[in-house]
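**Student:** Okay, predicted coordinates and the sequence, questions at the end:
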Amino acid sequence: MSFQLTDIEARVLGALVEKEITTPEYYPLSLNALVNACNQKSNREPVMSLDEDAVRSALRSLSDQSLARSAGGDSRVPKYEHRLNELFNFHRHEIAVLCVLLLRGPQTPGELRTRTDRMYSFEDLDSMHSALNLLMKREPPLVAVLPRQPGTKESRYTQLLSRGVEVEKVAHMPSTARSVDAIPARAEALSSNSNQMAELQAEIASLRAELADLRAQFAAFQKQFQ
């Protein structure tokens with residue numbers, strides 16, 4: 001499976017996932033409810049202003065890719081639902097992370113931990129890294145780590161169901177300019193060695209978590225002599 005969603009398709013899919021978790025009593029969603037969910041001003045980046053035709057077109061494309069469908073039922077108003085769990089059999093923490101990445105673009109683990117709280121409560125950053133590692137080890141990988149931006153301490157993660165500008169930049173960076181964080185983020189680039197790349201990404205994330213823990217222990221040790 002290889003997905004290349006547009007920004008609108010990613011927004012529609014993310015909105016369906018979010019509403020299933022946060023407002024299950026109103027799920028599946030009617031077209032009007034889905035348009036409103038896509039155009040929310042909160043928990044969305046960027047904020048969009050989609051009309052029914054745009055959302056309907058995105059639903060057709062998602063249906064063609066087996067990612068969404070019209071939900072059966074007795075209601076006279078057609079309703080729609082996503083099919084991610086059928087395709088990937090996600091754990092709750094995995095789909096919460098993927099949902100926020102679909103709705104808000106690339107984010108750091110700290111940002112993801114805060115923004116997923118409505119859908120899943122992560123105990124600490126280690127548990128967030130664990131969820132990201134699971135998504136990176138999927139076949140095909142669903143998440144990749146982006147190069148660290150100048151002046152920042154944390155790397156950001158992006159979803160790979162859609163192809164954004166920043167993912168393109170990662171894929172075309174010269175090899176001499178890549179750090180350990182600059183792992184190619186396009187799913188196509190991982191087709192021949194996806195397993196090796198996923199293992200490398202998981203190892204890097206694990207080393208970062210160990211380093212953070214050592215720093216915390218060292219800071220606590222220093223305080224004893226202050």
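**Tutor:** Happy to help now that I have it.
**Student:** What are the structural domain limits within the chain?
**Tutor:** By the assignment in automatic domain parsing, the chain contains the domains 7-87, 108-219.
**Student:** For the protein, give me the ranges with low pLDDT.
**Tutor:** 1, 73-74, 163-200, 202-203, 206, 213, 218, 220-226 (pLDDT under 70).
**Student:** Strands of that one, residue ranges please.
**Tutor:** 29-30, 68-71, 79-82, 143-145, 157-159 (DSSP state E).
**Student:** Distance from the chain centre to stretch 125-132, please.
**Tutor:** Centroid displacement of stretch 125-132 relative to its chain, using C-alpha atoms, centre = their mean, to the nearest Å, is 13 Å.
**Student:** Also stretch 118-136?
**Tutor:** 11 Å.
**Student:** just stretch 141-150 next, same as before
**Tutor:** 11 Å.
**Student:** buried residues in that stretch?
**Tutor:** 141-148 (16 or more other C-beta atoms under 10 Å). From N, CA and C alone the C-beta is placed, and that goes for glycine too.
**Student:** Compute the first-to-last residue distance for it.
**Tutor:** 26 Å (C-alpha to C-alpha, to the nearest Å).
**Student:** who touches residue 43 in this structure?
**Tutor:** By C-beta atoms under 8 Å, 6 or more residues apart in numbering, the contact set of residue 43 is 18, 103-104, 115.
**Student:** Go through those residues and give me the one with the most neighbours.
**Tutor:** residue 18 (24 neighbours; other C-beta atoms under 10 Å).
**Student:** what's the spacing between it and residue 106?
**Tutor:** Relative to residue 106, residue 18 is positioned 18 Å away (C-beta to C-beta, to the nearest Å).
**Student:** what do you get for residue 51?
**Tutor:** In terms of C-beta to C-beta, residue 51 sits 27 Å off from residue 106.
**Student:** Which residue is the nearest non-sequential neighbour of residue 103?
**Tutor:** residue 14 (4.1 Å; C-beta to C-beta, 6 or more residues apart in numbering).
**Student:** ok so, going back, okay, among the buried residues of stretch 141-150, which ones form the most distant pair?
**Tutor:** 142 and 148 (20.8 Å; C-beta to C-beta).
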